[in-house]
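Student: Have a look at this prediction, sequence included:
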2 protein chains.
Amino acid sequence: MENVQALKERTSDLVNLGETQQLLGWDQQTNMPPGAAVARANQLATLSKVIHEMSTSEEMGDLIARAGKDVMNLPEDHDDRKLVEVSRRDYEQATRLPTNFVAEFTRVTALAHEVWAKARQDNDFASFRPELEKIVDLCIQRAEYLGYEDHIYDALLDQFEPEMKTADVERIFGGLREELVPFALELYERNDAVSDEPLHREFPIEDQRRFGLKVVKQIGYDLSRGRQDEAVHPFCSSFSPDDVRITTRFDKNFLSPALFGTIHEAGHATYEQGIGRNLFQTVLGTGVSLGIHESQSRLWENVVARSRGFWEYFYGLLRETFKGVLDDVSLDDFYRAVNKVQPSFIRVEADEVSYCLHIMLRFDIEKDLITGKLAVKDAPEAWNAKMEEYLGIIPETDTLGILQDVHWSSGILGYFPTYALGTLLSAQLYYRTLQDYPAIPDEIRQGKFSTLLTWMNDNIHVHGRKYMPAELIQRATGKPLGHEDYMTYLRGKFGPIYNL
Amino acid sequence: MENVQALKERTSDLVNLGETQQLLGWDQQTNMPPGAAVARANQLATLSKVIHEMSTSEEMGDLIARAGKDVMNLPEDHDDRKLVEVSRRDYEQATRLPTNFVAEFTRVTALAHEVWAKARQDNDFASFRPELEKIVDLCIQRAEYLGYEDHIYDALLDQFEPEMKTADVERIFGGLREELVPFALELYERNDAVSDEPLHREFPIEDQRRFGLKVVKQIGYDLSRGRQDEAVHPFCSSFSPDDVRITTRFDKNFLSPALFGTIHEAGHATYEQGIGRNLFQTVLGTGVSLGIHESQSRLWENVVARSRGFWEYFYGLLRETFKGVLDDVSLDDFYRAVNKVQPSFIRVEADEVSYCLHIMLRFDIEKDLITGKLAVKDAPEAWNAKMEEYLGIIPETDTLGILQDVHWSSGILGYFPTYALGTLLSAQLYYRTLQDYPAIPDEIRQGKFSTLLTWMNDNIHVHGRKYMPAELIQRATGKPLGHEDYMTYLRGKFGPIYNL
């Protein structure tokens, strides 16, 4: 096992450098003074280069080959065997991308990000168009370098959801669409039945912070191995399972972004904090995919924290925290307010029912851009047509339409589907947990979350990257990912709220 | 100049990685959750290893040799020529230390730090003694690896104050001691003439923060390229001249630590922020030595911010900030309070007069430990004897004596002298500035600091590491470093305060 040990040491260096890279990024968005942007870009560039060199070195290839022989006879899911497999996967992915290409990709997207930010501000798609054209071309090249069997989009998707295929997504989204679109339309028509006015009152920021932290601590986010800071675009960042930090943005006149945003990010954090200690400092010691990650954030944000039972427990404390502000709002009205459904233009503000429709639209457009079926110049029109098709509304500006998301400007195509896949999975996991522990809804009503969290720890978190997402889902829920549980969940919840 | 360009690129990678290492350290002391200590140690260890490998690679040696030929005919103080010289110096220092030795040194000191912290808390030198013995041995080995001509301590000193020799320090401290010891004794006798009670009232922390930031902004610390955070042991940390951060600790019942501490760290920060843009991203783009650095922090903390003129300007604002707290304290009494002189056990709380005596004691003991004249087991006794000799007092516990400083537990021997050298230099620089701009004291009275800061920018900061400390001092002040100006400064200031 000498070779395995050598591989572990070498890859643990990579893990440490990757965590350091995360810290540079976290600091950039939380603490960095504005004048330091160029210096930070240089630091990130050097570290990326060092990591790429180390990941693709001949020495690494040899180590993996030698260690592969050592673990051949170990049981299939032995940690060491999995470690070699995942190291090999990472190595193959990294070596497929030429260093020059990686540098060019980084350079183009760094510049495009600024152009996009301005274009969105000015509602000026034309100025972003040349950048997006370059990025689409680079993503096509990237996919060609990475390789694929069936569909070019597979290569991009695989970066975020390993081994998931375009055809799988099409099948799952197809089934979902058929049920979700008519269901959403039914709710939109009853739009006025629910008011979310109570959420748009004045909520002092310090009190929001205090309440949010109390909630996520109670859920099980361990602040002795984490912390919360402010950032314009909230995220969760992990510098080892013992240092998993969340960020939040506060709006004095709107309770939802900080409250549900904090719980969402804390959901991500429970995943990273729950990685098995046996996997610390190894390439297996982090979340396996963005879809699995999103299942954890959506579980706590929506399935739990937008449930009536959750507010039976927390509403008293919420009212106490914001003295007087919600005195005229009953528990039921508050529960309905946090579950108001309405078609809207902005994905990150979408309710649980329309959220996946926003994603389907992006998936359709990304595929068409990558296969060349759609030209970048025609994309805004395609966007608006899809909005009408899926949500029945057309944005008046590109800022409210195709320019709203940061992802493409950063060169990230293939990522969006994971948001919806994770959303579906959150319900599938929850229903599976209820089979084992039917008392969970009662526990939630009592502010007790440990049974649910422990189940997620044992069935998802602890495994890190040991199992590919499809296998992990099969093992945890006894079936492949589907849309059925999510639709059951939506119908069961929103039917009563809207008196269907 | 192709080789010079290649060297610049290679060393700029090292600069970026060094800055990243600084960020890991800064975060550890400001933000890191307690559970992350082991993960952070691993990240730091990997990054150190990568930096050490890159700094000592054959490729680096070759690049320096080739670039050296290219710059031979450039003017002596051409940036490129200096860059090659300093790169060669760094390379030679780094290659003298075997990688195994560096790793062992890191390991021992990481563990010793914890032991020391506990020993200090428990006043238990015996438990720290074996660690300190190992550290002294390692420092002797380190000095042997680094090499020296006259005195083994030269090798240690040189790490913090390049090219400064033990004999130089002995000569400077010798002259200082002769004048300072009797002067201090004279003041100690009149100890009661000044009360610092006004500083020990209640000062709300938020107001302290606001006032401190206002002061350092007015002095010229640029917060668009810096920020302030809290830390148990305040420090200044630079991740490029465009990102220079200070930390402060607050005591609700004592104004001095945060107020003068903030100004002290901001003084360090002005140095790093003032580095010439031509030196950014190069090995020359940071402060040249700890002594020069300390001259800047002490200049602003003491020479400026403990002057009567400074408080003529700021005392009104201070009183306004802490409404009612200082109504019964006249400007003169406040000025005297911040300049109270009294013998005390703890270096970091020492006044301007006794401060250098604390340093001389440490210099004597470090030398004796390194030459073997003093055994670690006898060091506490030696410490107490020196305290009596220099300051006329004997600490009752080792916690108040030999265990007070963090430095030795971190393997840092040879550093202490730079505190006193910088202190002396602060006066020497100030007096030189007054020759050019006699109106500076009047400007300070009006809250104007730009003439003084600009002089420091032009004569010290802008040069980064281009000139060795001795040359920089000679160029800036027209003479070598001495104790005379400092004694003139002390007599001129404390004579009147104590009616000598």
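Tutor: Great, that's in hand.

Student: Neighbouring strands - and their directions - for the top strand by length along chain A?
Tutor: When chain A is parsed with DSSP state E, its longest strand is strand A:244-248. As defined by DSSP bridges, the strand partners of strand A:244-248 come to strand A:228-230 (parallel), strand A:236-238 (antiparallel).

Student: just so I know, which of those lies nearest A:N42?
Tutor: For A:N42, the closest of the strands paired with strand A:244-248 is strand A:236-238, at 20.5 Å, according to CB to CB. Every residue, glycine included, has its C-beta placed from N, CA and C.

Student: secondary structure element for A:L481?
Tutor: Using DSSP states H and E, A:L481 is not contained in any helix or strand.

Student: That one against A:E471, yeah?
Tutor: No - A:L481 is not in contact with A:E471 according to CB atoms under 8 Å; the separation is 11.3 Å.

Student: And those two? Which one has more around it.
Tutor: A:L481 (22 against 15; other CB atoms under 10 Å in any protein chain shown).

Student: Quick check: which element contains the nearest residue to the more buried one once chain neighbours are set aside?
Tutor: Excluding its sequence neighbours, the residue lying closest to A:L481 (CB to CB, 6 or more residues apart in numbering or on different chains) is A:I473, at 5.2 Å. Assessed by DSSP H and E, A:I473 sits inside helix A:469-477.

Student: for that helix, packing partners?
Tutor: helix A:290-298, helix A:416-436 (3 or more CB pairs under 8 Å, 6 or more residues apart in numbering or on different chains; DSSP states H and E).

Student: Please identify the deepest-packed of those helices.
Tutor: A comparison of the helices and strands packed on helix A:469-477 by mean neighbour count, using mean count of other CB atoms under 10 Å in any protein chain shown, puts helix A:290-298 on top with a mean of 26.

Student: Now the helix holding A:I473: average pLDDT?
Tutor: Averaged across helix A:469-477, pLDDT comes to 98.

Student: buried stuff in the next helix or strand after it?
Tutor: Note on helix A:469-477: by DSSP H and E, the next helix or strand toward the C-terminus is helix A:484-497. For helix A:484-497, the buried set under the neighbour-count rule, 16 or more other CB atoms under 10 Å in any protein chain shown, comprises A:D485, A:Y486, A:M487, A:Y489, A:L490, A:K493, A:F494, A:I497.

Student: A:Y221: how many residues sit nearby?
Tutor: Residues near A:Y221, counting by other CB under 10 Å: 26.

Student: Can you give the distance from the longest strand of chain A to the centre of its chain?
Tutor: 14 Å (CA atoms, centre = their mean, to the nearest Å).

Student: now what about the helix or strand of chain A at the bottom of the mean pLDDT ranking, what contacts it?
Tutor: Ranked by mean pLDDT, DSSP states H and E, the weakest helix or strand in chain A is helix A:99-122, scoring a mean of 90. With CB atoms under 8 Å, 6 or more residues apart in numbering or on different chains as the test, helix A:99-122 has contacts from A:41, A:45, A:48-49, A:52-53, A:56, A:124-125, A:127-128, A:131-132, A:134-135, A:138, A:141-142, A:145, A:399, A:403-404, A:406, A:408-411.
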